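Visitor: Test case, fold it:
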Amino acid sequence: MNTTSQKDFCPVGPSGRARSAPVMALHCSGANGTQWAHLASQFDSDTDFIAPNLSGPEAAAAGWSMRSYSLTEEARPLVERLLTAARPVHLVGHSYGGALALHIARHYPEHVASLCLYEPTCFSLLARSGESDQRLYRELETFAASLEEAIEEGHAAFAAEVFTDFWGDLGAWLALRLDRRRDLITWAPKAALDFGALLYEPQGPDLPLSLPVTLLSGAQTRAHAKRVVALLANEAPQANLVELAGVGHLGPFTVRDKVSGIIKDHLSRA
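Guide: So this is what the prediction gives:
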């Protein structure tokens, strides 16, 4: 995977052809930049592709809590990178990474060429919607508080298991390789921070109507994620909506070829 530096965001590639706009792909909670290795392999050397690792359990160790951590804090190093880029950047994101991409696009639209997002978990939108959406919001808030309590009581393995089964459905944890379970247990202290950043995100500026947007979702996903996508579609009527039959929240992993193809199509149009 090409993890380019700031100076690599330049307009001319090694072939002498004009570079395509850079692509920054942001991973979901509990993963890392390698989530996008398959997508990265679809691009040639004339496209700068970066898939950074977002913050992990070190954020919890530094004293951040569910109520204090924010997408602004998470975005800080990414924004620094965007501000030094020679041209606007296409943002790709899944789940937490999708919400982070939206946060950046709202606050720095002049630096964003397009958005292609798989079920961005912008849960704060539910709190500002109708009564049924607010019920979904309260469910998430209760779930996040249970994760925080489990970590505080020293039950990182339990927190990792319930987090995994929440997004992957019952049995998802048991289906993981042992090394992947160990990674998630190590990461688990960050889980409540991610939920807090999503739940308590202040209302930001509207997305520009001129911004190309593609929103992907799985037909078998959780109601919470499905409603967020619907609310975002209302906000961004220019968005291209793609629903994948028989797929859940983890579509970028379970049907990665299909998702990568849709992202490539979006970038070609954008």
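
Visitor: All the helices of the stretch 151-270 of the chain, residue numbers only.
Guide: Using DSSP state H, counting those that start in this stretch, the helices found in the stretch 151-270 of the chain span residues 156-168, 178-187, 191-199, 223-235, 251-254, 256-269.

Visitor: Does anything pack onto the first one? Which helices or strands?
Guide: I take that to be helix 156-168. On a contact count with 3 or more C-beta pairs under 8 Å, 6 or more residues apart in numbering; DSSP states H and E, helix 156-168 meets helix 131-152, helix 178-187, helix 191-199. C-beta: built from backbone N, CA, C; applies to glycine.

Visitor: please redo it, this time with the cut-off set to 6 Å
Guide: Applying 3 or more C-beta pairs under 6 Å, 6 or more residues apart in numbering; DSSP states H and E, we find helix 156-168 packed against helix 131-152, helix 178-187.

Visitor: can I get those helices in CSV with mean pLDDT?
Guide: Compiled in CSV, the helices and strands packed on helix 156-168 are given as follows (pLDDT from 0 to 100):
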stretch, mean pLDDT
helix 131-152, 98
helix 178-187, 98
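
Visitor: Quick one: closest of the helices of the stretch 151-270 of the chain to residue 65.
Guide: Of all the helices of the stretch 151-270 of the chain, it is helix 191-199 that lies closest to residue 65, at 7.2 Å by C-beta to C-beta.

Visitor: Spit out the contact partners of residue 68.
Guide: Listed by C-beta atoms under 6 Å, 6 or more residues apart in numbering, residue 68 has no contact partners.

Visitor: let me fix that: residue 114
Guide: 90, 212, 270.

Visitor: does residue 92 sit in a helix, a strand or a coil?
Guide: Classification of residue 92 using DSSP: H, G, I helix; E, B strand; the rest coil returns strand.

Visitor: burial of it, as a residue count?
Guide: Residue 92 is flanked by 29 other residues according to other C-beta atoms under 10 Å.

Visitor: contacting residues around the residue lying closest to it once chain neighbours are set aside?
Guide: In this structure, residue 92 finds its nearest non-sequential neighbour in residue 25, 4.1 Å apart by C-beta to C-beta, 6 or more residues apart in numbering. Contact partners of residue 25, counting by C-beta under 6 Å, 6+ apart, are 36, 51, 92.

Visitor: if I've got this straight, residue 25 is in a helix?
Guide: No. Using three-state DSSP, the assignment for residue 25 is strand, not a helix.

Visitor: Please name the nearest non-neighbouring residue to the residue nearest the centre of the chain.
Guide: Residue closest to the mean C-alpha point of the chain, counted by C-alpha atoms, centre = their mean, is residue 97 at 1.6 Å. Nearest residue to residue 97, sequence neighbours excluded (C-beta to C-beta, 6+ apart): residue 26, at 3.1 Å.
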